[in-house]
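J.: no sequence for this one, just the structure:
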């Protein structure tokens, strides 16, 4: 894969290092001369181009015509958006990805032709709200590009779901208890299955109300 | 179009933004001008009777408080090309503003944005045309030799 990374800072460096290690061809666009020098020294296999990633001449120098993907990770949302649009429309780069600093821009970028826009703020906020707040949640993984959440939840002493049947739980719509793990055995539950202390529950739901689902099973404070 | 019915948002109150906002307000349009530096509003003339809004136009909340969904016209005149290009697209695509224009210093990228229905105005391009036009008008099609001949 030939990838162009436009950005700065440690995220850029570690991404480039990781992708080169996997054998991908990486070109970096960075607008600070000192940082360019340091990057070129530390990443021997990468090509480093000095300039702004939204400048067509700079993108051309970076080999945009042959690139499979462009990732724009600067701290300026407007620069990331324009870099993606110029790469796609003037050079036909098939996949363009952008970091959005303002979470409000995630949706806007997608509507303006960016293949994938990701907000670090939102990702961390989601982790904090859903995971750090609930110790009982062992695994939380987004599936289907984040449209479905799957979690493994332990029934603790104060859990609202303890000693209740699934029918009695106050679960939001579109939430499913897909499995109960008890003493190493996996049970596929029915409406009248009862949850006990130390059961592990596999919970599937939508991101919009998954926090409510987790609270209904594991409780508030946890 | 009757100018007195128009609701116009100007993003960026530098020399160009202040000039446009003042003139449009003087000729009867309702104008809201946005800038993140309130000191910039001092550049508006006494005839400006519109509103000014302090904030970063790149933030959705600021645009919404300027009632962008009701605007007839959006002018992006900040001093950064990429901000103007992003604002113009947000105004056009997300909020459906009918007439959207952006000032961009670097004319290289304008083809990309013309395709999206955004009119871009490049000061470099306009100045160059004006210089060349004046030279041609004074000297005819071969300026160098004509000037030397003292015509």
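T.: Everything's here; your move. Just so you know, these numbers come straight off a predicted model, no measurement behind them.
J.: Any stretches of the chain with poor pLDDT?
T.: Assuming you mean chain A. A:127-139, A:220-222 (pLDDT under 70).
J.: ah, I was thinking of chain B
T.: B:1-4, B:141-151.
J.: That one against chain A: which residues are in contact?
T.: The interface of chain B toward chain A, taken as CB under 8 Å from any CB of the partner chain, is made up of B:58-61, B:80-83, B:85-86, B:89-90, B:93-94, B:106, B:108-109, B:111-112, B:115. For the C-beta atoms, the positions are set from N, CA and C on the backbone; glycine is no exception.
J.: In strands, which of those residues appear?
T.: Nothing among the residues of chain B next to chain A maps onto strands, per DSSP state E.
J.: Selection in PyMOL covering whichever of those residues are buried, please.
T.: Those of the residues of chain B next to chain A that count as buried under 16 or more other CB atoms under 10 Å in any protein chain shown are selected in PyMOL with:
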select buried, chain B and resi 58+60+80+81+82+83+85+86+89+90+93+94+106+109+112
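J.: mind listing what's buried in the longest helix belonging to chain B?
T.: For chain B, the helix with the greatest residue count under DSSP state H is helix B:123-139. For helix B:123-139, burial by neighbour count (16+ other CB under 10 Å) applies to residue B:139.
J.: and what of stretch B:19-37?
T.: For stretch B:19-37, a neighbour-count test (16+ other CB under 10 Å) marks B:19-22, B:24-25, B:29-36 as buried.
J.: out of these, which one sits closest to residue A:50?
T.: residue B:36 (28.8 Å; CB to CB).
J.: Contact partners for the closest one?
T.: B:54-57 (CB atoms under 8 Å, 6 or more residues apart in numbering or on different chains).
J.: Likewise for residue B:96?
T.: By CB under 8 Å, 6+ apart, the neighbours of residue B:96 are residue B:69.
J.: Looking at the buried residues of stretch B:19-37, which are in strands?
T.: Per DSSP E, the buried residues of stretch B:19-37 map to strands at B:30-35.
J.: Break down chain B into its helices, ranges please.
T.: Under DSSP H, chain B gives helices at B:15-26, B:60-65, B:81-89, B:110-114, B:123-139, B:143-148.
J.: just the residues of chain A that are near chain B, which are they?
T.: Residues of chain A lying near chain B (CB under 8 Å from any CB): A:54-57, A:76-79, A:81-82, A:85-86, A:89-90, A:102, A:104-105, A:108, A:111-112.
J.: Give me the distance from the helix or strand residue A:12 falls within to the chain's centre.
T.: Secondary structure from DSSP states H and E places residue A:12 in helix A:9-21. Computed by CA atoms, centre = their mean, to the nearest Å, the chain-centroid distance of helix A:9-21 equals 17 Å.
J.: and the very next helix or strand once past that helix with helix A:9-21, angle?
T.: With elements assigned by DSSP H and E, the helix or strand that comes after helix A:9-21 is strand A:25-30. With axes from the mean of the first three to the mean of the last three CA atoms, to 10 degrees applied, the angle from strand A:25-30 to helix A:9-21 works out at 160 degrees.
J.: Remind me what strand A:25-30 packs against, helices and strands.
T.: strand A:2-7, helix A:9-21, helix A:33-42, strand A:47-50 (3 or more CB pairs under 8 Å, 6 or more residues apart in numbering or on different chains; DSSP states H and E).
J.: With mean neighbour count as added columns, please give these in CSV.
T.: Putting those into CSV (neighbours: other CB atoms under 10 Å in any protein chain shown) gives the following:
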stretch, mean neighbour count
strand A:2-7, 24
helix A:9-21, 15
helix A:33-42, 14
strand A:47-50, 18
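J.: Residue A:214 is nearest to which of those?
T.: Closest of the helices and strands packed on strand A:25-30 to residue A:214 is helix A:9-21, at 29.3 Å (criterion: CB to CB).
J.: any residues touching that closest one, and which ones?
T.: Contacts of helix A:9-21 (CB under 8 Å, 6+ apart): A:1, A:3, A:5, A:26, A:28, A:30, A:39, A:42-43, A:45-46, A:71, A:73, A:75.
J.: at 7 Å what do you get?
T.: The contact list for helix A:9-21, computed with CB atoms under 7 Å, 6 or more residues apart in numbering or on different chains, reads A:3, A:5, A:26, A:28, A:39, A:43, A:45-46, A:73.
J.: Between these, which sits nearest chain B?
T.: Distance to chain B, by CB to the nearest CB, is smallest for residue A:73 among these, at 15.0 Å.
J.: For that closest one, which non-adjacent residue is spatially closest?
T.: residue A:7 (3.3 Å; CB to CB, 6 or more residues apart in numbering or on different chains).
J.: do you know how far the one you found is from residue A:25?
T.: As judged by CB to CB, to the nearest Å, residue A:7 and residue A:25 stand 17 Å apart.
J.: again, but for residue B:102
T.: 35 Å.
J.: of these two, who's got more company?
T.: Remark: of residue B:102 and residue A:25, residue B:102 carries more neighbours, 27 against 17, as counted by other CB atoms under 10 Å in any protein chain shown.
J.: which residues does that one form a beta bridge with?
T.: Under the criterion DSSP bridges, residue B:102 forms beta bridges with residue B:76, residue B:120.
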